[in-house]
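Engineer: kindly return the folded structure for what I paste below:
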Amino acid sequence: MKFSKYFTKRTISIIIISVLFYTIFSLISDIQKISDEFTNINLLYIPLILSLHFLAMFIRSIRQKVFLDSLNIQLSLKQNIKLYFVGMSLMITPGGSGELIKNHILKEKFGHSYTKTIPVLLTEKYHNMLSVIPILLFFLLFEPSNEILIVTSIVTVILISIFVIVKNQKLCESTMTKIPRKWILKEIPKNVANFYDSLLVLFRRKILLSGLSIGILAWIADAVAIYFCFLSLNLDLNFIETTLTSFTPMIVGNILFVPGGLGVLEVGMTGLLLQSGVLISTSTALVLFIRFMLTWSSVIVGLFALKFAKFN
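Structural biologist: The predicted structure follows:
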């Protein structure tokens with residue numbers, strides 16, 4: 001496939017906006033002090049951090065295969081992993097909509113309709129938020145925080161509402177007909193019944209619990225990776241604190257469909273770190289470091305997958 005065909009102008013614009021945002025963010029926080037903080041990073045942690053994060057991505061790719069298998073979309077493990085990583089190349093688009101490239105590949109290379117495969121992507125997005133909730137609620141038992149509890153409660157209500165909508169066929173189909181008729185999404189309003197059938201399969205109890213369990217494992221791997229990010233900057237916060245501080249802004253970014261959570265993670269996490277007594281320069285350096293280790297490393301690997309992966 002042509003790399004330039006999928007690397008859209010919107011994605012390039014978001015990268016430019018990201019660079020500008022990080023530049024302004026760094027200037028506000030004192031770029032010299034941030035540079036000093038970066039020089040103090042213990043580089044020995046980086047391979048461990050990346051290994052844990054890519055383990056989390058591999059685990060999520062297994063969840064994707066579980067969802068695809070439930071719809072009788074049979075891919076080999078190798079093909080499934082390649083497909084997942086290709087989707088990561090465009091994860092910084094609004095709401096991760098660029099990941100629809102996976103659905104395009106499934107149609108062009110394997111002959112599966114958009115109305116059958118798009119529910120898989122939507123269910124993955126749902127589970128990315130759903131599987132972090134039990135972790136936050138459990139950790140809040142040990143480190144209470146009214147702010148984090150409020151955010152977690154709001155997201156939980158939204159997720160429950162989505163579940164109720166999916167389980168109500170008339171309400172769900174009515175919602176689906178309002179989807180913008182653009183690009184591959186234009187197929188959905190025309191074939192709402194097929195779309196709903198796939199979505200309903202993915203929301204069956206067995207599949208839902210499997211996806212939830214796998215998602216929790218992936219988030220735990222990411223939580224450990226983030227904890228090592230803190231340690232690499234000699235920040236003495238416990239595992240529960242680092243997880244609550246980082247995961248809360250992440251789910252807010254997801255629920256708001258902000259491209260890659262840009263700005264939400266940075267501002268939200270910095271604010272929580274300042275409340276914990278961490279200096280603003282250290283907080284900013286840490287957030288930027290985590291962003292590169294988790295988000296941009298995924299995008300870079302995804303771009304290589306997009307360029308070189310072949311589906312035969």
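Engineer: look at the nearest residue to residue 255 once chain neighbours are set aside and tell me its secondary structure.
Structural biologist: Closest residue to residue 255 apart from its sequence neighbours, by CB to CB, 6 or more residues apart in numbering: residue 155 at 5.6 Å. Bear in mind the C-beta positions are built from the backbone N, C-alpha and C, glycine included. Here residue 155 is helix, with the state taken from DSSP: H, G, I helix; E, B strand; the rest coil.
Engineer: just checking, residue 155 touches residue 128?
Structural biologist: No. Under the contact definition of CB atoms under 8 Å, residue 155 does not touch residue 128, with a separation of 11.2 Å.
Engineer: and the closest residue to residue 194 other than its chain neighbours, how many neighbours?
Structural biologist: Nearest non-adjacent residue to residue 194, counting by CB to CB, 6+ apart: residue 115, 4.4 Å away. Residue 115: 23 surrounding residues under other CB atoms under 10 Å.
Engineer: repeat for residue 236
Structural biologist: The burial count assigned to residue 236 is 8, neighbours taken as other CB under 10 Å.
Engineer: report pLDDT for it.
Structural biologist: Here the pLDDT value assigned to residue 236 is 85.
Engineer: same check on residue 90?
Structural biologist: pLDDT, residue 90: 77.
Engineer: tell me the secondary structure for it?
Structural biologist: When the structure is reduced to helix, strand and coil (three-state DSSP), residue 90 reads as coil.
Engineer: hmm, residue 305 and it touching each other?
Structural biologist: No. With contact taken as CB under 8 Å, residue 90 and residue 305 are classed as non-touching, separated by 11.0 Å.
Engineer: and these two? which has more neighbours close in?
Structural biologist: residue 90 (24 against 18).
Engineer: got the phi and psi for the more buried one?
Structural biologist: The phi and psi torsions at residue 90 (degrees, to the nearest 10) take the values phi -120, psi 30.
Engineer: swap in residue 203?
Structural biologist: As for residue 203, its main-chain torsions (degrees, to the nearest 10) stand at phi -100, psi 10.
Engineer: neighbours around residue 164, how many?
Structural biologist: Under the neighbour criterion other CB under 10 Å, residue 164 is assigned a count of 11.
Engineer: what's residue 137 in contact with, if anything?
Structural biologist: In this structure, residue 137 makes contact with residue 152, judged by CB atoms under 8 Å, 6 or more residues apart in numbering.
Engineer: could you check which helix or strand contains it?
Structural biologist: In this structure, residue 137 sits in helix 133-140 according to DSSP states H and E.
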